[in-house]
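Novice: Got a sequence here, can you build the structure:
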Amino acid sequence: QVQLVESGGGLVQAGGSLRLSCAGSGNIYGIRAWGWYRQAPGKQRELVASITAGGSTDYADSAKGRFTISRDNAKKTAYLQMDSLRPEDTAIYYCNAGVRTSYRPEYYEVWGQGTLVTVSL
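Specialist: As a prediction, the model looks like this:
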């Protein structure tokens, strides 16, 4: 069974940094693209950053210049480096990936369980 497991969330003061990781496990043959999303209390889930198989990246306006998404294909892991954090970055952060396996050769989406990021003043 394919799983994505996030880690690295926590409590940080405004201006600080956190690095989130999302590790894929299970019978994964390929990962097409990764995405980091977040959902703040009372708000809809939003895309923060994404990275394609070729390494092209895209960011939400709120993340540009502060967040960096990267991937390690050998480790089946994606990262989100978050710098200059603000209280409005407080949310549950989820990773998402398009994966394929030996028993399901077409790509399909998998979500992680989420990791909480809290930014205090």
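Novice: Quick check: bridge partners of residue 78?
Specialist: Listed beta-bridge partners, residue 78: residue 22, residue 71 (assigned using DSSP bridges).
Novice: so what's it up against?
Specialist: Residues in contact with residue 78 (CB atoms under 8 Å, 6 or more residues apart in numbering) are 21, 22, 34, 36, 51, 69, 70, 71, 72, 95, 97. In short, each C-beta sits where N, CA and C put it, glycine included.
Novice: Residue 19 too?
Specialist: 8, 79, 80, 81, 82.
Novice: of those, buried ones?
Specialist: Among these, those classed as buried by 16 or more other CB atoms under 10 Å are 8, 79, 80, 82.
Novice: okay if I get the residues you listed as JSON lines plus distance to residue 61, secondary structure and pLDDT?
Specialist: Converted to JSON lines, those look like this (distance: CB to CB, whole Å; DSSP: H, G, I helix; E, B strand; the rest coil; pLDDT from 0 to 100):
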{"residue": "8", "distance to residue 61": "23", "secondary structure": "coil", "pLDDT": "97"}
{"residue": "79", "distance to residue 61": "21", "secondary structure": "strand", "pLDDT": "98"}
{"residue": "80", "distance to residue 61": "16", "secondary structure": "strand", "pLDDT": "98"}
{"residue": "82", "distance to residue 61": "15", "secondary structure": "strand", "pLDDT": "98"}
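Novice: got those as a markdown table, with distance to residue 28 columns?
Specialist: Compiled in a markdown table, the buried ones among the contacts of residue 19 are given as follows (distance: CB to CB, whole Å):
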| residue | distance to residue 28 |
| --- | --- |
| 8 | 20 |
| 79 | 17 |
| 80 | 19 |
| 82 | 25 |
